[in-house]
Every structure is written in structure tokens, then in C-alpha cells.
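S.K.: Got a predicted structure plus its sequence, pasted below:
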Amino acid sequence: MNCMGNFAVAVLTCMTAGTSQVFAAESSCDWASVMALPNGSEVQVDLTTSQVATGALESATADDLILVVAHVDVMISRQLARRVALLAPPVMREAKRGFIVGSIFGALVGAVATKGNRLSWGAFLAASWGGLGALIGAIDASLHQKQHVIYATCSARAAGTA
């Protein structure tokens, strides 16, 4: 298989492997971790009613939190919140990473593939591969939403470990 064929297989593998990654190392039974979140943080709240609410945190008090979901304020009682996860916005970071990797690859291809002193062709290849890398990085990041669990009821944590 040629280089472009291998590259296409790698792209398809990245695009079809989209799953949520959950990091529970920071989870706590203490609601204070929710109250400490800055306003505007993107969070996902799993409710005891098996529903899920995702939105921007407007405020959190000792008794409840308010999310902005589709431009509507939604108040969620602390007793209804089974788990609160902070959603990491990785798209821009991964797009930058993809651009850097793609640019390096394009510069290498430009240096090897061009004969003579055609720096403009090498610069074009670096920019075009960088743009392709940024696109792949952004798509990959949007498919791999990362969650940092910051609060889980003690009963939910015990049930998750059983």
C-alpha cells in the first residue's frame, strides 16, 4: 500500500474510534468541587432520573446548580445530581497539534520530493499538509470528548466500583 493509502487508513481509524474518555481520578463526594468551578465551564450532569444535562455552568450553590442549556437556564437540585463531569474543550489544542505535525510532515515531503532549490513548493506542501493535519486533529478531538469527573455521589461511586 502506498503512503497515501496508509494515511487514509490512519485517518479513518482515528475518525471511527470516537468514544468519550472519562477520567475519574479527581472525582469527589464533596459538592464544594462543583461550587469551585468557574462560571461558564462546560459540564455534564448525570441525574438520578437517568437523564443527562449538558451546558455551561452559570452558578453553583450549596443546594443546586444552574446550567445554561440551549440558551435556557436550568436549575438542578444537588439531590438530583448523581455525577458532575467537566468537559474539556480539546478541539483547538488538537487542531494546533495536527497543524504542527502536518507542517513538519509536509516540509519533509517537500524537502525529499522536490528536486533542486524550489523552496516555494516545499512551503506550499508544508502549509497544505499542516491544514490537513489541523482538520484531522479537530475532527479527532470532537469525536473524543474528554470528561473529568469532579463530583459523584458516594453511592454512585460505590456502585461504579462494584
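M.R.: That came in fine, so what should we check first?
S.K.: buried set for the longest helix anywhere in the chain?
M.R.: Looking across the chain with DSSP state H, the single longest helix is helix 119-143. For helix 119-143, a neighbour-count test (16 or more other Cβ atoms under 10 Å) marks 122, 125-127, 129-130, 132-134, 136-141 as buried. C-beta coordinates here come from the backbone N, C-alpha and C atoms, glycine included.
S.K.: next one: stretch 28-36
M.R.: 31, 33-34.
S.K.: Give the closest residue to residue 67 in space, chain neighbours not counted.
M.R.: Leaving aside its chain neighbours, residue 67 sits nearest to residue 55 (3.7 Å; criterion: Cβ to Cβ, 6 or more residues apart in numbering).
S.K.: doesn't residue 66 make contact with the one you found?
M.R.: No - using Cβ atoms under 8 Å as the test, residue 55 is too far from residue 66 to be in contact (9.2 Å).
S.K.: quick one: common contacting residues for the two?
M.R.: Jointly contacting residue 55 and residue 66 under the rule Cβ atoms under 8 Å, 6 or more residues apart in numbering are residue 74.
S.K.: Next up, the contacts around residue 34.
M.R.: Contacts of residue 34 by Cβ under 8 Å, 6+ apart are 60, 65, 81, 84, 150-151.
S.K.: how far away is it from residue 51?
M.R.: For residue 34, the distance to residue 51 equals 18 Å [Cβ to Cβ, to the nearest Å].
S.K.: swap in residue 36?
M.R.: In terms of Cβ to Cβ, residue 36 sits 25 Å off from residue 51.
S.K.: follow-up on the earlier one: would you turn the buried residues of stretch 28-36 into CSV with pLDDT?
M.R.: As requested, these are arranged in CSV below (pLDDT from 0 to 100):
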residue, pLDDT
31, 91
33, 90
34, 92
